[in-house]
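> sharing a model that was predicted from the sequence below.
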Amino acid sequence: MYERILVPLDGSSQGEIVLPYVYQIATRAKAEILLVSVAEPSVPQPDQLHQSYLSHLVEQMQRDLREWEPKGELGIQSKVLLGEPADEILRCADQNKASIIVMASRGRSSRGPWMLGNVAAKVLRATDKPLMLVRSPAKSDALRQKRLINKVLVPLDGSPIAEQVLPHAEAVARMLGSELFLFHVFEPMRKYAGGTVYRALPDEVVGDENARRKQVGLSYLEEVSKKLKAREISVSMEVAPGSPADQILDYAETHGINLITMSTHGRSGVGRWVFGSVTDKVLHAGDTAVFVVRATQP
């Protein structure tokens with residue numbers, strides 16, 4: 001499913017935090033790695049500077065990959081692109097038939113050209129390729145075990161559009177031996193109903209309705225889970241009340257999630273899970289890596 005991994009880099013150590021993740025995916029998927037760096041045409045001899053950086057990095061990666069996969073050799077290519085970073089990354093991904101783009105959400109500095117609000121966000125909004133955004137270095141124990149992704153969170157809102165992430169979540173789980181955590185958030189009924197005058201609802205009514213909403217969510221996740229378990233994927237599931245983005249981030253932090261997989265749309269495409277709302281909030285908060293799939297209208 002992932003034959004070629006495109007890895008945009010800007011020469012910074014922050015941008016290179018993606019490399020261990022690339023190693024794990026590439027060695028398990030037997031994928032080719034394509035490193036790219038984008039140079040500004042106005043800089044004198046931009047090709048030489050960037051190519052020197054990439055050539056050095058390729059040598060380092062070849063050494064590192066032998067530790068991840070001693071018996072095999074993976075192809076690593078590099079290219080220097082000239083122009084506007086996001087545009088060139090998108091063009092390169094299409095021309096080279098990249099299966100997935102893996103990049104840091106920010107590079108040189110929090111205010112630099114690779115900030116999430118700039119290059120990564122532009123790529124995310126425009127690409128039809130799966131995009132994995134890495135936001136913090138892998139933990140040392142995970143690096144020693146060479147298991148960076150063993151818990152994958154899959155937030156679902158019940159829509160076919162949101163479910164378009166499932167084939168990718170399953171592929172990652174199968175490829176890396178990870179467990180999937182299906183997660184559904186429902187909006188709870190409040191004790192005080194709105195209107196021209198606020199009135200308190202009976203505790204029994206509120207409790208019964210929230211129990212019903214939770215059961216609806218559990219029944220939905222159980223149906224999704226059955227299909228995955230039938231294909232021998234390890235699955236857990238949970239339903240929680242509250243704000244979707246907050247609950248997703250809290251769950252990821254408290255359960256040691258390594259990767260959050262999400263669609264860029266949900267429900268109607270203009271509802272709660274639309275990019276710019278829940279997905280956008282998750283992308284801008286927390287340290288967990290995020291795997292984003294652009295959904296298409298069914």
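Sure, I can see it.
> stretch 203-221: how far from the chain's middle?
30 Å (C-alpha atoms, centre = their mean, to the nearest Å).
> run through the helices of the protein in chain order.
For the chain, applying DSSP state H gives helices covering 19-29, 46-68, 85-95, 121-126, 140-145, 166-176, 203-230, 244-254, 278-284.
> return the most buried member of those helices.
Comparing the helices of the chain on average neighbours per residue, with mean count of other C-beta atoms under 10 Å, the densest one is helix 19-29 at a mean of 21. (Each C-beta comes from the backbone N, C-alpha and C, glycine too.)
> by contact count, what packs against that helix?
Of the remaining helices and strands, those touching helix 19-29 by 3 or more C-beta pairs under 8 Å, 6 or more residues apart in numbering; DSSP states H and E are strand 4-9, strand 32-39, helix 46-68, strand 100-104, helix 166-176.
> TSV for these, including mean pLDDT and distance to Cys92?
Listed next are those as TSV, based on pLDDT from 0 to 100; distance: least, C-beta to C-beta, whole Å:
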stretch	mean pLDDT	distance to Cys92
strand 4-9	96	7
strand 32-39	94	6
helix 46-68	89	13
strand 100-104	95	9
helix 166-176	96	21
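> can you add distance to Pro20 and give these back as JSON lines?
Below are the helices and strands packed on helix 19-29 laid out as JSON lines (distance: least, C-beta to C-beta, whole Å):
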{"stretch": "strand 4-9", "distance to Pro20": "12"}
{"stretch": "strand 32-39", "distance to Pro20": "13"}
{"stretch": "helix 46-68", "distance to Pro20": "8"}
{"stretch": "strand 100-104", "distance to Pro20": "11"}
{"stretch": "helix 166-176", "distance to Pro20": "13"}
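> follow-up on the earlier one: distance to Ala295 for the helices of the chain - can I get that in a markdown table?
Listed next are those as a markdown table, based on distance: least, C-beta to C-beta, whole Å:
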| stretch | distance to Ala295 |
| --- | --- |
| helix 19-29 | 22 |
| helix 46-68 | 32 |
| helix 85-95 | 18 |
| helix 121-126 | 13 |
| helix 140-145 | 29 |
| helix 166-176 | 11 |
| helix 203-230 | 16 |
| helix 244-254 | 16 |
| helix 278-284 | 10 |
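> what's the least confident stretch among the ones you listed?
Least confidently modelled of the helices of the chain is helix 278-284, at a mean of 81 by mean pLDDT.
> how far off centre is that one?
Counting by C-alpha atoms, centre = their mean, helix 278-284 is centred 11 Å from the centre of its parent chain.
> and if you look at stretch 53-68?
Distance of stretch 53-68 from its chain centroid, counting by C-alpha atoms, centre = their mean, is 24 Å.
> CA atoms of that stretch as PDB?
The C-alpha trace of stretch 53-68 is given here as PDB (Å, rounded to 0.1, in the frame of the first residue of the first chain):
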ATOM      1  CA  TYR A  53      22.900  18.100   2.800                       C
ATOM      2  CA  LEU A  54      20.800  15.400   1.200                       C
ATOM      3  CA  SER A  55      23.800  13.300   0.000                       C
ATOM      4  CA  HIS A  56      25.200  13.400   3.600                       C
ATOM      5  CA  LEU A  57      21.800  12.400   5.000                       C
ATOM      6  CA  VAL A  58      21.400   9.500   2.500                       C
ATOM      7  CA  GLU A  59      24.700   8.000   3.700                       C
ATOM      8  CA  GLN A  60      23.500   8.400   7.300                       C
ATOM      9  CA  MET A  61      20.200   6.800   6.600                       C
ATOM     10  CA  GLN A  62      21.700   3.900   4.800                       C
ATOM     11  CA  ARG A  63      23.700   3.200   8.000                       C
ATOM     12  CA  ASP A  64      20.700   3.600  10.200                       C
ATOM     13  CA  LEU A  65      18.500   1.400   8.100                       C
ATOM     14  CA  ARG A  66      20.900  -1.500   8.500                       C
ATOM     15  CA  GLU A  67      20.100  -1.500  12.200                       C
ATOM     16  CA  TRP A  68      16.400  -1.600  11.400                       C
END
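> who's in contact with that stretch?
Here stretch 53-68 makes contact (C-beta atoms under 8 Å, 6 or more residues apart in numbering) with 9, 11, 16, 19, 23-24, 26-27, 33, 35, 37, 73-74, 76, 78-80, 146.
> what subset of those residues is buried?
For those, a burial check counting by 16 or more other C-beta atoms under 10 Å picks out 9, 11, 16, 19, 23-24, 26-27, 33, 35, 37, 74, 76, 78-80.
> wait, which of those residues is closest to Arg91?
Looking at the buried ones among the contacts of stretch 53-68 and their distance to Arg91, the nearest is Lys79, at 11.0 Å (C-beta to C-beta).
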